[in-house]
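Participant: Give me coordinates for this.
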Amino acid sequence: MKKITILLLAVLIFYVPCMTAYAETPEQKGATISAAVPATHVITFISSGGRIEDVDSAVGGHKEYGRRSEQPFHIIPDDGKEIDKVLYGGEDVTSKVKDGYFTTPPLVADMVFEVIYRDIPVEPVSEPSETPSVHQPSDSPAKTGDTEQAAVLIIAVLLMVFSAALIMKCKNIAN
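Facilitator: As a prediction, this is how the structure comes out:
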């Protein structure tokens, strides 16, 4: 068994330097990896109920922009609409919209920019009612809560007296 172990170790000792020398031939010092990186990326726009404008003009459909560029967009809802949700690359970025403006992070891939609008809620006009409001005085006497505070105070005093009597009774029993 010792002979086999020594033989395997000898093979490994000679094998590793031979493979290293084989891998470093003068013709080939390393591997070359190449990849084509596009100079531009396309943003596809989806906006029904308003429009999206970039620096130049209103955009629709799709438009090309330079790689790693950050693009500012102005989101303008139609009359009676407001921005409900803004999605960029499938991510909800509504919280990043400030005063109707959104700037993309650096473009590194083709993206989809979608704005979802909702109708602005209309407050119903209410008719004056016959019932008195909170601010109007009424004919019934108002309860101020003073009677409740007095009742709580009386109960607290009675509990203290009862507790003191109980403690004194217990001391008398112990003596």
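Participant: Helices of the protein, start to end?
Facilitator: For the chain, applying DSSP state H gives helices covering 2-23, 146-174.
Participant: Could you tell me the least trusted of the ones you listed?
Facilitator: For those, mean pLDDT drops lowest on helix 2-23, to a mean of 59.
Participant: Can you dump the C-alpha atoms of stretch 51-62 in CSV for me?
Facilitator: Output of stretch 51-62 as CSV, limited to C-alpha atoms (Å, rounded to 0.1, in the frame of the first residue of the first chain):
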residue,chain,number,x,y,z
ARG,A,51,-47.9,61.9,-22.5
ILE,A,52,-44.2,61.5,-21.8
GLU,A,53,-41.7,64.1,-23.0
ASP,A,54,-37.9,64.0,-23.0
VAL,A,55,-35.6,67.0,-23.5
ASP,A,56,-36.4,67.3,-27.3
SER,A,57,-40.1,66.5,-27.6
ALA,A,58,-43.0,64.1,-26.7
VAL,A,59,-42.0,60.5,-27.1
GLY,A,60,-44.1,57.5,-28.0
GLY,A,61,-43.6,54.0,-29.1
HIS,A,62,-39.8,53.6,-28.7
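Participant: Which positions within that stretch qualify as buried?
Facilitator: In terms of neighbour count (16 or more other Cβ atoms under 10 Å), stretch 51-62 has its buried residues at 51-52, 54, 59. Every residue, glycine included, has its C-beta placed from N, CA and C.
Participant: Look at the spatially closest residue to S48 that is not a sequence neighbour and say how many residues are nearby.
Facilitator: Nearest residue to S48 in three dimensions, chain neighbours excluded: Y117, at 7.3 Å (Cβ to Cβ, 6 or more residues apart in numbering). Y117: 18 surrounding residues under other Cβ atoms under 10 Å.
Participant: Verify the contact between Y117 and I46 for me.
Facilitator: No. Y117 is not in contact with I46 according to Cβ atoms under 8 Å; the separation is 11.3 Å.
Participant: residue boundaries of the strands in the chain?
Facilitator: Along the chain, counting by DSSP state E, strands occupy 40-48, 50-53, 58-59, 61-66, 72-77, 81-88, 91-92, 101-103, 111-119.
Participant: Out of the ones you listed, flag the one nearest M168.
Facilitator: When the strands of the chain are ranked by distance to M168, counting by Cβ to Cβ, first place goes to strand 91-92 at 69.6 Å.
Participant: any idea of the mean pLDDT in the closest one?
Facilitator: For strand 91-92, mean pLDDT rounds to 96.
Participant: Please enumerate residues in contact with that strand?
Facilitator: When contacts are defined by Cβ atoms under 8 Å, 6 or more residues apart in numbering, strand 91-92 is touched by residues 85-86.
Participant: chain center to it: distance?
Facilitator: Centroid displacement of strand 91-92 relative to its chain, using Cα atoms, centre = their mean, to the nearest Å, is 9 Å.
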